[in-house]
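Enquirer: No sequence on hand, only this structure:
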Ligand code: FPP
């Protein structure tokens with residue numbers, strides 16, 4: 001098992017970090033007169049395909065919004081079904097993650113998850129921790145506001161304990177306290193299903209991300225759709241608030 005990064009996006013237009021709000025599973029199922037869970041099952045297959053494709057084209061970080069803190073308020077049957085799917089994801093993709101040198105991470109309140117699932121996830125995180133080709137972060141029981149508040153609490157403790165001085169708090173120091181730590185911010189944020197909302201996802205990290213909305217429902221968002229989003233990203237001009245030289249000459 002090689003831990004060396006065998007492919008990089010240097011020299012290609014592939015974004016370093018892609019984050020995705022996977023939306024539209026329920027509508028996909030309803031359009032087929034299927035129970036909602038069948039939409040999530042199909043969404044699970046789409047997620048596997050996108051993970052494989054991201055690795056192939058040299059994306060370094062892929063973050064998938066799989067379950068929000070707000071999703072706990074869905075009917076218990078749906079929550080349980082989603083937990084079962086997550087369990088299958090961990091079991092069925094283990095071989096894929098190992099073969100493709102994918103490192104698994106979880107961002108969110110992992111303590112909220114059922115303990116058996118948490119243990120499996122922890123084991124897989126450990127098993128894949130040396131992989132460097134692609135970092136797959138699953139956002140589970142995730143809330144962007146809670147992430148920021150948790151970071152502020154930890155930071156305040158460090159200030160109180162004298163480990164950090166208030167005047168040292170800048171963007172670089174602060175990001176270290178977020179779940180995403182030193183990971184680069186997403187270059188590209190994708191949301192499927194035609195909704196144009198951020199839904200409490202990576203609120204700090206997406207300040208300068210390019211946003212790509214598509215009407216495609218998540219279960220239909222397969223390899224080709226993902227490649228189209230990446231191509232569109234390649235055509236965008238990122239300015240991070242600056243002007244191009246020719247614009248002020
Ligand atoms: C949003 O669709 C999707 C979710 C709340 C769950 C996302 C989960 C998966 C794609 C399956 C598991 C994937 C992994 C990576 C473990 P929705 O139910 O809100 O759809 P709707 O807006 O059409 O009702």
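Expert: On my side now, so go ahead. Nothing here was measured: the structure is a model prediction, and the numbers come from that model.
Enquirer: Isn't residue 17 up against residue 58?
Expert: No. If you go by CB atoms under 8 Å, residue 17 and residue 58 don't touch, sitting 11.8 Å apart. Placement of C-beta: from N, CA and C, glycine included.
Enquirer: So which bits of this protein are right by the ligand?
Expert: Within the chain, the positions lying close to the ligand (CB under 6 Å from any ligand atom) are 22-27, 40, 43-44, 47, 64, 66, 71, 85-86, 89, 193, 218.
Enquirer: Let's see that with 5 Å instead.
Expert: Within the chain, the positions near the ligand by CB under 5 Å from any ligand atom are 22-27, 40, 43-44, 47, 66, 85-86, 89.
Enquirer: a markdown table for those residues, including pLDDT, secondary structure and neighbour count?
Expert: Converted to a markdown table, these look like this (pLDDT from 0 to 100; DSSP: H, G, I helix; E, B strand; the rest coil; neighbours: other CB atoms under 10 Å):
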| residue | pLDDT | secondary structure | neighbour count |
| --- | --- | --- | --- |
| 22 | 98 | coil | 23 |
| 23 | 98 | coil | 20 |
| 24 | 98 | coil | 25 |
| 25 | 98 | helix | 24 |
| 26 | 97 | helix | 20 |
| 27 | 98 | helix | 16 |
| 40 | 96 | helix | 23 |
| 43 | 97 | helix | 26 |
| 44 | 95 | helix | 21 |
| 47 | 96 | helix | 23 |
| 66 | 97 | strand | 24 |
| 85 | 94 | helix | 19 |
| 86 | 95 | helix | 21 |
| 89 | 90 | helix | 21 |
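Enquirer: For those, give me JSON lines that also has distance to residue 241.
Expert: Converted to JSON lines, the residues of the chain next to the ligand look like this (distance: CB to CB, whole Å):
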{"residue": "22", "distance to residue 241": "29"}
{"residue": "23", "distance to residue 241": "28"}
{"residue": "24", "distance to residue 241": "32"}
{"residue": "25", "distance to residue 241": "35"}
{"residue": "26", "distance to residue 241": "37"}
{"residue": "27", "distance to residue 241": "36"}
{"residue": "40", "distance to residue 241": "38"}
{"residue": "43", "distance to residue 241": "35"}
{"residue": "44", "distance to residue 241": "38"}
{"residue": "47", "distance to residue 241": "33"}
{"residue": "66", "distance to residue 241": "31"}
{"residue": "85", "distance to residue 241": "40"}
{"residue": "86", "distance to residue 241": "38"}
{"residue": "89", "distance to residue 241": "38"}
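Enquirer: mind listing the helices for this protein?
Expert: Using DSSP state H, the helices of the chain run over 25-30, 36-57, 76-99, 115-127, 144-160, 171-175, 223-235, 245-248.
Enquirer: residues near residue 138, how many?
Expert: 23 (other CB atoms under 10 Å).
Enquirer: Spit out the contact partners of it.
Expert: By CB atoms under 8 Å, 6 or more residues apart in numbering, residue 138 lies in contact with 63-64, 66, 86, 89, 104-107.
Enquirer: try 7 Å
Expert: 64, 66, 106 (CB atoms under 7 Å, 6 or more residues apart in numbering).
Enquirer: Find the centremost residue of the chain, please.
Expert: Centrality entry for the chain: nearest residue to the mean C-alpha point is residue 63, 1.6 Å, by CA atoms, centre = their mean.
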